[in-house]
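Visitor: this one's sequence-less:
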């Protein structure tokens, strides 16, 4: 068995031990058909091509939406929560009015995506938001002018309290999708033609500074990439971070939204070569629920 494991792609070896809180029995047939590098390539695409940053081509993520800025160049990601509400990062929308953005929904895993566009009625910024090099309370909700049809089929729910258990948090595999720059150079943005995805696992420490590890902030989810060099980057902010169903790469529930990434101090020409940080939705559970309650009319 150990000899067989040596031929498995390192990514798969890590993933299968982290997806579930317990290791499931693996049959010989499953081992050869589902865990082989060829299966990985067929299902998830080739590693190392034009990506989020060293990520993979994403499957269709029905809940992913794009927030398009109309008065200035740029966009960011968001997740559909129900027929009227989406969730994103505050640093995406804090300086704009509802009429300055619109929402784009469609199958972004296709190059010839057919998008449906929705106007925005209102924007809600989480209390205590502070935009700096490491944004604080980086969360916002968006309400559309018109309901999104069949939202119950394409939306994603927020993970419950049990899903945020610290032990599961460190063992779980998370996905984040987006259409941000695939280039680490802050002066040259390369926008992919299709949706990209990166896989992460949680860590209780902020490891962005190699000389000093600090506990992860309460409003953050700190992560490590499952693929070396992977991270979120320019224009990925607001994108959904989701927990996978046990034993699969099918999203189960929404865990966070992309907030920011950091760079190593000795690589000044790169801005996205180390830690990826996400806003912790459980930390804002009461605010999210209250925003729904006060504005669902």
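Guide: Yep, it's here. All figures in this text were calculated on a predicted structure; none of them were measured in a lab.

Visitor: Report the distance from the helix or strand residue 293 falls within to the chain centre.
Guide: Assigned by DSSP states H and E, residue 293 belongs to helix 285-295. Distance of helix 285-295 from its chain centroid, counting by C-alpha atoms, centre = their mean, to the nearest Å, is 22 Å.

Visitor: Any buried residues in that helix, and which?
Guide: Residues of helix 285-295 classed as buried: 287, 288, 291, 292 (neighbour count, 16 or more other C-beta atoms under 10 Å). Where you see a C-beta, it was placed from the backbone N, CA and C, and this is true even at glycine.

Visitor: in stretch 165-184, what's buried?
Guide: For stretch 165-184, the neighbour count (16+ other C-beta under 10 Å) marks 169, 171-184 as buried.

Visitor: Would you quantify the distance from the residue lying closest to residue 161 once chain neighbours are set aside to residue 220?
Guide: Closest residue to residue 161 apart from its sequence neighbours, by C-beta to C-beta, 6 or more residues apart in numbering: residue 282 at 6.7 Å. As judged by C-beta to C-beta, to the nearest Å, residue 282 and residue 220 stand 11 Å apart.

Visitor: Neighbour count: these two, which is higher?
Guide: Ranked by neighbour count (other C-beta atoms under 10 Å), residue 282 and residue 220 place residue 220 first, with 23 against 17.

Visitor: and that one, what are its bridge partners?
Guide: residue 279 (DSSP bridges).

Visitor: pretty sure it is touching residue 258, no?
Guide: No. Using C-beta atoms under 8 Å, residue 220 makes no contact with residue 258, being 11.3 Å away.

Visitor: which residues do these two both contact?
Guide: Residues touching both residue 220 and residue 258 by C-beta atoms under 8 Å, 6 or more residues apart in numbering: residue 278.

Visitor: picking up where we left off before, and the residue nearest to residue 161, backbone torsions?
Guide: Backbone torsions for residue 282, taken as degrees, to the nearest 10, come to phi -60, psi -30.

Visitor: for it, what are its contacts?
Guide: 158, 159, 161, 164.

Visitor: Of these, which belong to helices?
Guide: Within these, membership in helices is found for no residue, as judged by DSSP state H.

Visitor: Narrow the residues you listed to those that are buried.
Guide: Buried members of those, scored by 16+ other C-beta under 10 Å, are 158, 159, 164.

Visitor: Low-confidence ranges, the stretch 101-250 of the chain, go.
Guide: By pLDDT under 70, the low-scoring segments of the stretch 101-250 of the chain are 166-167, 184-188, 207-212.

Visitor: now the strands for it?
Guide: Using DSSP state E, counting those that start in this stretch, the strands assigned to the stretch 101-250 of the chain run over residues 101-105, 116-125, 140-144, 173-178, 196-202, 205-206, 214-215, 220-225, 240-244.

Visitor: Can you lay out the ones you listed as TSV showing distance to residue 76?
Guide: Below are the strands of the stretch 101-250 of the chain laid out as TSV (distance: least, C-beta to C-beta, whole Å):
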stretch	distance to residue 76
strand 101-105	9
strand 116-125	13
strand 140-144	10
strand 173-178	8
strand 196-202	14
strand 205-206	23
strand 214-215	27
strand 220-225	18
strand 240-244	11
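
Visitor: Would you mind telling me which of the ones you listed is nearest residue 276?
Guide: Ranking the strands of the stretch 101-250 of the chain by proximity to residue 276 (C-beta to C-beta) places strand 220-225 first, at 5.1 Å.

Visitor: buried ones in the closest one?
Guide: For strand 220-225, the neighbour count (16+ other C-beta under 10 Å) marks 220, 221, 222, 223, 225 as buried.

Visitor: Please report the number of neighbouring residues for the residue lying closest to residue 218 once chain neighbours are set aside.
Guide: Distance criterion C-beta to C-beta, 6+ apart; nearest residue to residue 218, sequence neighbours excluded, is residue 283 at 5.6 Å. Neighbourhood size, residue 283 [other C-beta under 10 Å]: 19.

Visitor: Now residue 283: phi and psi?
Guide: phi -60, psi -30.
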